[in-house]
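1. My questions are about this predicted structure, shown below with the sequence.
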Amino acid sequence: MESNKKIGDRVKALRESKNLSIEEVAERSGLNKEQIERIESKQFFPSLSPLIKIARVLGVRLGTFLDDETELGPVITRRQESAGKNSIRFAGDSNVTREHMEYYSLSQDKSSRHMEPFLIDIRSEKGAPHDLSSHEGEEFIYVLEGHIEINYGKDTYVLETGDSIYYDSIVAHNVHAAGEGSAKILGIVYTPF
């Protein structure tokens, strides 16, 4: 998971370049100091929600933590390339790495982007809690294979292959495979900068 290691390095480098202490980032983001220390030391990889909060404090866009290069023009990711790229796994707000979702960035080479498109493989987590999280922005999900369940506020939606959903990410939500099967989705996350 080379991509996961880069996230910790980039958070630390950006924090230090802004002359901010871990305590200051924790206070401004609403996260705890230990969580930020674990992110920077690559012991813990945050979910999108804490990562977006850290990006806000550091004054950068979410994609800054995922960028590989600075391509200004269009970025094309071929089918065979997206399957071979390193995946990213984010942890939940409970500080536990969630192994049920693997994210494959479709835009990490594009600089100055405002959307984060991912192919996401979702494995069943039978019996696991579905902790809700929220963050600024919007998300679009298109189900490529299988069935997913989305807890969104007090509502629950089940989507199958070919279905899609677009929602405000500020509402607490959780995306997981429905039942015991696995699923594959196209997920696009937009966070305002």
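-> Noted; the coordinates are in hand. Numbering: from 1, shown residues only.

2. biggest helix in this structure by residues?
-> helix 2-17 (DSSP state H).

3. Tell me which residues are up against whichever helix or strand comes after it.
-> For helix 2-17, the following helix or strand on the C-terminal side (DSSP states H and E) is helix 22-29. Identification of contacts with helix 22-29 by CB atoms under 8 Å, 6 or more residues apart in numbering yields 15, 31-33, 35-37, 40, 50, 53-54, 56-58. For glycine as for every other residue, the C-beta is placed from the backbone atoms N, C-alpha and C.

4. how about the CA coordinates for the strand or helix carrying Val57, as PDB?
-> Per DSSP H and E, Val57 falls inside helix 48-58. Only the C-alpha atoms of helix 48-58 are listed here, as PDB (Å, rounded to 0.1, in the frame of the first residue of the first chain):
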ATOM      1  CA  LEU A  48     -12.200  10.700   4.000                       C
ATOM      2  CA  SER A  49     -13.800  12.700   6.800                       C
ATOM      3  CA  PRO A  50     -10.700  13.300   8.900                       C
ATOM      4  CA  LEU A  51      -8.600  13.700   5.800                       C
ATOM      5  CA  ILE A  52     -10.800  16.400   4.500                       C
ATOM      6  CA  LYS A  53     -10.700  18.200   7.900                       C
ATOM      7  CA  ILE A  54      -6.900  18.000   7.900                       C
ATOM      8  CA  ALA A  55      -6.800  19.400   4.300                       C
ATOM      9  CA  ARG A  56      -9.000  22.300   5.400                       C
ATOM     10  CA  VAL A  57      -6.700  23.200   8.200                       C
ATOM     11  CA  LEU A  58      -3.600  23.000   6.000                       C
END
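
5. Show residues contacting that helix.
-> Outside helix 48-58, the residues that touch it by CB under 8 Å, 6+ apart are 7, 11, 14-15, 18, 20, 25, 28-31, 35-36, 39, 46, 61-62, 64-65, 90, 93, 133-137, 189, 191.

6. Distance from the longest helix of the chain to the middle of the chain?
-> Taking CA atoms, centre = their mean, to the nearest Å, the mean C-alpha location of helix 2-17 is offset from the chain mean by 15 Å.
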